[in-house]
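Asker: Following is a predicted model, sequence given first.
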Amino acid sequence: MGCGIFSAQFGYRLLLMNQQEGLSLTHHNTPTITCHVVTHYLADRSDPDNQRYLFSYTVTIRNLGKGDVTLLNRYWLITDANDKKMEIKGEGVVGVQPTILEYDEYQYTSGTVIETPLGVMQGHYVMLDGQGQKFQAEISPFRLAIPNILH
């Protein structure tokens, strides 16, 4: 089973979502969200002969700002080494829309299948702060890779 740890703090770019005006840059009192991702190659559930590589990823989302935030929606763009792209979107994560208290964190594990031994995931969460403002937390790209494929 392979493991990779990526960027303890992705430095989310936060955007307020105004329903009438689309997206606009936030001001300085927007919540600070950070993320830590650990990926695992699941060799026992993969089938390389049939181009099936299964990875799990554990995401820890930290709310470092004042006030609670709720994760409403997720969006993932998953790209394999052949540049095949898959988009995943939906409510919450793993069936819940967690509220993350100020200075607290939420952790979940999920998985994805790609057709190559190397790929990249990136995306965003749509969050709601305590004042009812939606903002988008951009997730920087992180790698999905079988062990020893990269030096």
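Answerer: Yes, it's here. Residues are numbered from 1 along each chain as shown.
Asker: Helices of the chain, residue ranges please.
Answerer: With helices called from DSSP state H, the chain shows none.
Asker: in it, what secondary structure element scores lowest on mean pLDDT?
Answerer: The weakest-scoring helix or strand in the chain, judged by mean pLDDT, DSSP states H and E, is strand 22-25 (a mean of 33).
Asker: how many other residues sit next to the spatially closest residue to Tyr57 that is not a sequence neighbour?
Answerer: Distances taken as CB to CB, 6 or more residues apart in numbering place Thr39 nearest to Tyr57, at 4.7 Å, with adjacent residues excluded. Where C-beta positions appear, they are placed from N, C-alpha and C, glycine not excepted. For Thr39, the neighbour count with other CB atoms under 10 Å is 22.
Asker: Gly130 now?
Answerer: Gly130: 14 surrounding residues under other CB under 10 Å.
Asker: For it, which non-adjacent residue is closest in space?
Answerer: Closest to Gly130 by CB to CB, 6+ apart is Gly67, at 4.1 Å.
Asker: could you show me where the strands are in the protein, in order?
Answerer: For the chain, applying DSSP state E gives strands covering 2-6, 14-18, 22-25, 33-41, 53-63, 69-80, 85-91, 99-100, 104-114, 118-129, 134-145.
Asker: isn't Val38 right up against Tyr57?
Answerer: Yes - contact criterion CB atoms under 8 Å: Val38 and Tyr57 qualify, at 7.0 Å.
Asker: State the distance from the residue in the chain sticking out farthest from the centre to Leu150.
Answerer: In the chain, counting by CA atoms, centre = their mean, Asp49 sits farthest out from the average C-alpha position, at 28.5 Å. Counting by CB to CB, to the nearest Å, the separation of Asp49 from Leu150 is 22 Å.
Asker: is it true that Ile100 touches Thr70?
Answerer: Yes - the criterion here is CB under 8 Å, and Ile100 meets it with Thr70 at 7.5 Å.
Asker: Among these two, which residue is more densely surrounded?
Answerer: Ile100 (19 against 15).
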